[in-house]
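Q: Sequence below, structure please.
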Amino acid sequence: MDDYPALNVFWSMLWFFLWIMWLFLLFKIVTDIFRDHEMNGWAKAGWLIFVILLPFLGVLVYVIARGKGMTQRDVKQAKENEAALQDYIRQTAGSSPAGASHADELAKLVALKDKGDLSEAEFQQAKTKLLT
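A: As a prediction, the model looks like this:
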């Protein structure tokens, strides 16, 4: 351990960390290129070639030229994912879009029937409509 002092370990770890950050940034940009639906195929191919052949310059130019769009696409994707998750939760929980489940609606119908606000025929019709 005397051949490799603590400062050299620190510098090695720093360079390794920066290399990992660089790879994350590169993959983020490549996925953003493919995710952008406004860009045509030739533009995507051009950006990919630029980023692969001249990686440091290509990534720097991409971030400068299209960084704001990257953020907007990320926000849009996050909102779509959140909406899909909420729809899945609603469907799995068995609730209607208004937030009330079939059991809640059926309980309300029974309460209305017990109070006399609904006749037996109206209750059966509403129950059939609710359960189908």
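
Q: In the protein, spot the helix with the most residues.
A: helix 55-93 (DSSP state H).

Q: Pull out the buried residues from it.
A: Of all the residues in helix 55-93, those buried under the rule 16 or more other CB atoms under 10 Å are 58-59, 62, 66, 70, 73. All C-beta spots, glycine's among them, are computed from the backbone N, C-alpha and C.

Q: where's it relative to the chain centroid, distance-wise?
A: For helix 55-93, the separation from the chain centroid amounts to 7 Å (computed by CA atoms, centre = their mean, to the nearest Å).

Q: need the next SSE after it, C-terminal direction.
A: Next helix or strand after helix 55-93 toward the C-terminus (DSSP states H and E): helix 102-115.

Q: name the helices or strands packed onto that following helix?
A: helix 120-131 (3 or more CB pairs under 8 Å, 6 or more residues apart in numbering; DSSP states H and E).

Q: Figure out the helix or strand that residue 22 lives in.
A: Secondary structure (DSSP H and E) places residue 22 in helix 6-35.

Q: For that helix, which residues meet the burial criterion?
A: Here helix 6-35 shows 26, 29-30, 32-33 as buried, counting by 16+ other CB under 10 Å.

Q: Closest one of those to residue 123?
A: residue 32 (55.9 Å; CB to CB).

Q: List the contacts of residue 35.
A: The neighbours of residue 35, taking CB atoms under 8 Å, 6 or more residues apart in numbering as the test, are 73, 77.

Q: Could you list the domains of this protein?
A: The chain breaks down by automatic domain parsing into domains covering 1-68, 99-132.
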